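Chemist: prediction below, plus the sequence it came from.
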Amino acid sequence: MPAPIPCEYISWNAANALARKLADTVCASGFDPEIVVGVARGGWPPARIVSDWLGRPRLLSIRLEHYQGIDHGVEAAVRHGLPENVAGKRVLIVDDVNDTGVTLSVAKAYVQNEGAPAEVRVGVLHHKITAKFKPDYAATRMRTWRWVFYPWSVIESLVSLFGKIENLPGTPEAVRRRLQEENRISVPLAEIRQALAMFREMRGLGEIHPR
C-alpha cells in the first residue's frame, strides 16, 4: 500500500493573509510594479489581492498548458498570452504555488521576451524549495513537500486525491476522518460532499479509474 500523500488545506482567510504578506514583501523590497500578471488559473485569485493591496489596478492574465515532454518530464507552454502591451513597464508575475518551477520559468521568459518590460519579478504564495525555479518573493517557503489545497481549487484537488486513495470510504464523514488521520488535512465537510459527488460522477463516466 502506498504511503499517504501529505497535504495542507488553505482557507480563504489564510489565502488572503498570504497574498497580503506577499504584497507587503514586494513593497518592502523597494520594487514598485506597474502591472501585475496573474498566471491562470491558480494565480488569478492571489494576483487580484496583491494588485489591490499594492494599489495597482492594471491586472493582466496569462495561461499556460502542461504536457509530457519527450524525456517524460512535464513541460509548459503559453496558451493565452498577454492581452496588452507591457513594454517599458515594471511587471510582477503572481502564482499560487511554485511546485516544480516549470510553469513560472516559462511564464517569466515569455513576459521578458514577448512583452519587453523594463523589469520582471515573480512572487508566489508557496515556494517549494525543491523547485528548480526560484521566485523573487514568496509568502511561505516549504522545506517539506506537501500537496497544497487552495480554496479556489479545493474540489478539483480533492477529486484528484480521491483517485489516488485505495478503498475510499463511502460517506463524506468517513472520508473526512480518513483525510485527517492519514493525510493530516482538515477540509470542511461541504467541500468533501461536493468533491465526493463529483468523483463518483466522473468515475461513472469512465473519466476516473478507481484504485
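Modeler: Noted; the coordinates are in hand.
Chemist: what packs against the worst-scoring helix or strand of the chain on mean pLDDT?
Modeler: Within the chain, judged by mean pLDDT, DSSP states H and E, the helix or strand with the poorest mean is strand 74-80; its value is a mean of 81. When contacts are defined as 3 or more Cβ pairs under 8 Å, 6 or more residues apart in numbering; DSSP states H and E, strand 74-80 packs onto strand 59-68, helix 102-115. Where C-beta positions appear, they are placed from N, C-alpha and C, glycine not excepted.
Chemist: three-state assignment of Leu179?
Modeler: Three-state secondary structure (criterion: DSSP: H, G, I helix; E, B strand; the rest coil) places Leu179 in helix.
Chemist: OK, contacts around it?
Modeler: Applying Cβ atoms under 8 Å, 6 or more residues apart in numbering, we find Leu179 in contact with 7, 161, 185-187, 192.
Chemist: mind giving me the ChimeraX select for those residues, buried ones only?
Modeler: Listed next is the ChimeraX selection for buried residues among these, using 16 or more other Cβ atoms under 10 Å:
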select :7,161,185,187,192
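Chemist: mind listing which of the contacts of Leu179 are in strands?
Modeler: When strands are assigned by DSSP state E, the members of the contacts of Leu179 inside them are Cys7.
Chemist: could I get the contacts of Leu179 in JSON lines, plus columns for distance to Ser153?
Modeler: Compiled in JSON lines, the contacts of Leu179 are given as follows (distance: Cβ to Cβ, whole Å):
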{"residue": "Cys7", "distance to Ser153": "13"}
{"residue": "Leu161", "distance to Ser153": "12"}
{"residue": "Ile185", "distance to Ser153": "14"}
{"residue": "Ser186", "distance to Ser153": "17"}
{"residue": "Val187", "distance to Ser153": "12"}
{"residue": "Ile192", "distance to Ser153": "15"}
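Chemist: could you list the domains of this protein?
Modeler: For the chain, the TED database gives the domain ranges 12-146, 152-205.
Chemist: reformat the ones you listed as CSV; add distance to Pro2.
Modeler: What follows is these, written out as CSV (distance: least, Cβ to Cβ, whole Å):
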stretch, distance to Pro2
domain 12-146, 15
domain 152-205, 8
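Chemist: Ala3 is nearest to which of those domains?
Modeler: Taking Cβ to Cβ as the measure, the domains of the chain were each checked against Ala3, and domain 152-205 came out nearest at 9.1 Å.
Chemist: and the closest one, what's its mean pLDDT?
Modeler: For domain 152-205, the per-residue pLDDT values average out at 93.
Chemist: next one: it to chain centre, how far?
Modeler: When C-alpha coordinates are averaged (Cα atoms, centre = their mean, to the nearest Å), domain 152-205 and its chain have centres 19 Å apart.
Chemist: quickly note the distance from the residue of the chain positioned farthest from its centre to Ile129.
Modeler: The C-alpha centroid of the chain is most remote from Gly170, which lies 28.7 Å away (Cα atoms, centre = their mean). For Gly170, the distance to Ile129 equals 38 Å [Cβ to Cβ, to the nearest Å].
Chemist: that concludes my questions; thank you for your assistance.
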